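> missing the sequence, but the structure's below:
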């Protein structure tokens, strides 16, 4: 038996493999060969040194994945409805496109003029007290797995070059530039919206950027949708929840968005948030032909504990839904 | 009230029956190990989460294909290994810039301990990144999943002899890397 074969068998034993036919021969070889003894010990040491625990499963990731799994199971459990009329699905698809385009155009028209969101604004300052690291996420990704606390977050909306910028301090100042459609831009915005360490102002501005720069395209990012749904349910600041609701209402309705808006209409303490939820559910009711949205609006229209203006809005929305 | 079975085959039966409890139980059991495998294969947490999520969604969409001949673990990690291979081959895959966290002070001496642990994780990740894809996937399954070579072979669709060789070469490479960097640095990285 040569040294290499003896060391391979020795490594297999270290890895926990059961004894094989040639183990005794390999052990005898290693014991009798000084170089193999040294190498086997070094290999065992390397095997031990790379020990690492499994990573913790982040709660956000767990919740998002289990939610998707439940949706996938629900789809498997429902037999597809086959419409007898050919034009009904075509009409629904057309309505979805029109609603989505209308929402997108409305958001763009009402977006504020492109002014710096606050903070320094300039991508390259004339002077820097601290070094600034430039990261172009059109070419590289961003790894936020260490959960860094981002401070002094500032935003610059898309300029003539088609790129926006998000700057923040960690151990150094980072200036991250990219196109609105870059995946890393959506991930970073979702991270800021979700970050406990970010100020309410920063979270709100991140949502504004989602609405103005990504618009309807934000729906293509599951991270963005998840974090907006979570923000609508859980953020302590009603202004931030209102922005999250407005951003979600812009997107093509989905069951997850519908559920979040229904929850907000039933439970949010702020009437401005509930008013936006009415708009979103009305849209869901129309485009998804969704009985849950209609029922939620009907209950709200009849809810005597609700301020009059919310009830009136819910009732008006119901009247607009084509039956 | 129905109880969810403990064994993986029973849980897969629940998934085939459309029971979310079965799917969630399998997720709870394998999400951590799966994230560990995908992150060490890809070197990128965001991609690791994406692939891991895809694996569990495929577990549902392909559950009818699971015939019980291999263990659920083997089947899931085979899906993950294939997904990682596809991602590593992908032309548009980019490198990632890590945004480092400042360790939070938790108690006396804990920042230093935290930094050493972080340095160790980074050193191991950097070393694993130097392996070939074939060596890395075999080593990750054998070392971190404790899979016998026969199961690694089934998971990766290769022979047991190939697993033995790949694991050996992987650890040989790591040994050489650690020797290059110097014992003193590696010793310093140990918590």
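Received it, and whenever you're ready, just let me know what you need. Just so it is clear, the structure is predicted and the values come from calculations on it, not from any experiment.

> show me the contacts for residue B:45.
A:143, A:144, A:145, B:39 (Cβ atoms under 8 Å, 6 or more residues apart in numbering or on different chains). All C-beta spots, glycine's among them, are computed from the backbone N, C-alpha and C.

> Among those, which one lies nearest to residue A:279?
residue A:144 (32.8 Å; Cβ to Cβ).

> give me the low-pLDDT residue ranges for chain B?
B:1-5, B:91-96, B:98-115, B:182-191 (pLDDT under 70).

> any idea where the helices of it begin and end?
B:8-16, B:20-42, B:45-61, B:72-89, B:110-129, B:133-144, B:149-156, B:160-181, B:183-189 (DSSP state H).

> what angle do the fifth one and helix B:133-144 make?
Right, the one you point to is helix B:110-129. 140 degrees (axes from the mean of the first three to the mean of the last three Cα atoms, to 10 degrees).

> Show me what helix B:110-129 is packed up against.
helix B:133-144, helix B:160-181, helix B:183-189 (3 or more Cβ pairs under 8 Å, 6 or more residues apart in numbering or on different chains; DSSP states H and E).

> From the chain's centroid, how far away is that helix?
17 Å (Cα atoms, centre = their mean, to the nearest Å).

> Go through the helices and strands packed on helix B:110-129 and pick out the most buried.
Greatest average neighbour count among those goes to helix B:133-144 (a mean of 23), per mean count of other Cβ atoms under 10 Å in any protein chain shown.

> Spatially, what comes nearest to the residue in the stretch 51-200 of chain A that chain B sits nearest to if we skip its sequence neighbours?
With Cβ to the nearest Cβ as the measure, residue A:145 is the residue of the stretch 51-200 of chain A nearest to chain B, at 3.1 Å. Nearest residue to residue A:145 in three dimensions, chain neighbours excluded: residue B:45, at 3.1 Å (Cβ to Cβ, 6 or more residues apart in numbering or on different chains).

> Quick check: the one you found vs residue A:144, distance?
Per Cβ to Cβ, to the nearest Å, residue B:45 is found 8 Å from residue A:144.

> list the contacts for residue A:260?
A:228, A:229, A:232, A:233, A:248.

> so where do the helices sit in the stretch 51-200 of chain A?
Remark: helices assigned in the stretch 51-200 of chain A by DSSP state H, counting those that start in this stretch are A:59-77, A:87-110, A:183-194, A:200-209.

> okay but residue B:164 is in contact with residue A:7, surely?
No. Residue B:164 is beyond contact range of residue A:7, at 11.1 Å (criterion: Cβ atoms under 8 Å).

> and the helix or strand residue A:263 falls within with helix A:59-77, angle?
Residue A:263 belongs to helix A:255-267 when assigned by DSSP states H and E. Helix A:255-267 runs at 110 degrees relative to helix A:59-77, counting by the same axes, to 10 degrees.

> Average pLDDT for helix A:255-267, rounded please.
On average, the pLDDT along helix A:255-267 is 89.

> And the contacts of the helix or strand encompassing residue A:312?
In the assignment (DSSP H and E), residue A:312 maps to helix A:308-320. Outside helix A:308-320, the residues that touch it by Cβ under 8 Å, 6+ apart are A:265, A:271, A:274-275, A:278-279, A:281-282, A:285-286, A:294, A:297-298, A:300-303, A:306.

> Identify the residue of chain B closest to chain A, quick one.
residue B:45 (3.1 Å).

> Quick one: residues contacting the residue nearest to residue B:88 when sequence neighbours are not counted.
Nearest residue to residue B:88 in three dimensions, chain neighbours excluded: residue B:133, at 5.7 Å (Cβ to Cβ, 6+ apart). Shown in contact with residue B:133 (Cβ under 8 Å, 6+ apart): B:41, B:85, B:88.

> ok, now how distant is residue B:133 from residue B:82?
Distance from residue B:133 to residue B:82, by Cβ to Cβ: 12 Å.

> Are any of the contacts of residue A:260 buried, and if so which?
Neighbour counting over those (16 or more other Cβ atoms under 10 Å in any protein chain shown) leaves A:228, A:229, A:232, A:248 as the buried ones.

> where does the second one land on pLDDT?
Predicted confidence (pLDDT) for residue A:229: 90.

> tell me the SS of it?
helix (DSSP: H, G, I helix; E, B strand; the rest coil).

> my guess is it meets residue A:257, correct?
Yes. Assessed by Cβ under 8 Å, residue A:229 is found in contact with residue A:257 at 7.0 Å.

> Show me which of the contacts of residue B:45 is closest to residue A:24.
residue B:39 (39.3 Å).

> show me what contacts the closest one?
A:55, A:145, B:45, B:48.

> What count of nearby residues applies to residue A:245?
Neighbours of residue A:245 under the rule other Cβ atoms under 10 Å in any protein chain shown: 29.

> State the phi and psi torsions of it.
phi -60, psi -40 (degrees, to the nearest 10).

> for it, what are its contacts?
Contacts of residue A:245 by Cβ under 8 Å, 6+ apart are A:232, A:261, A:264, A:273, A:276, A:277, A:280.

> Repeat that for residue A:278.
A:265, A:297, A:300, A:310, A:313, A:314, A:317.

> The residue nearest to the first one when sequence neighbours are not counted and residue A:293: what is the separation?
In space, not counting the residues next to it along the chain, residue A:265 is nearest to residue A:277; the distance is 3.9 Å by Cβ to Cβ, 6+ apart. Distance check for residue A:277 against residue A:293: by Cβ to Cβ, it reads 10 Å.

> between these two, which one's more packed in?
residue A:277 (31 against 27).

> Kindly provide the distance from the more buried one to residue B:19.
32 Å.

> Walk me through the domains of chain B.
B:8-89, B:111-180 (automatic domain parsing).

> Show me which residues of stretch A:220-231 are buried.
A:221, A:222, A:223, A:224, A:225, A:226, A:227, A:228, A:229, A:230, A:231.

> Surely residue A:172 touches residue A:132?
Yes. The pair residue A:172 / residue A:132 is scored as a contact, 7.3 Å apart, by Cβ under 8 Å.

> higher neighbour count, these two?
More neighbours surround residue A:132 than the other of residue A:172 and residue A:132, with 16 against 11 (other Cβ under 10 Å).

> For the closest residue to that one other than its chain neighbours, list each beta-bridge partner.
Of all residues not flanking residue A:132 in the chain, residue A:173 sits nearest, at 4.5 Å (Cβ to Cβ, 6+ apart). Counting by DSSP bridges, residue A:173 is bridged to residue A:132, residue A:169.

> My guess is residue A:173 contacts residue A:133. True?
Yes. At 6.9 Å, residue A:173 and residue A:133 qualify as touching, with contact defined as Cβ under 8 Å.
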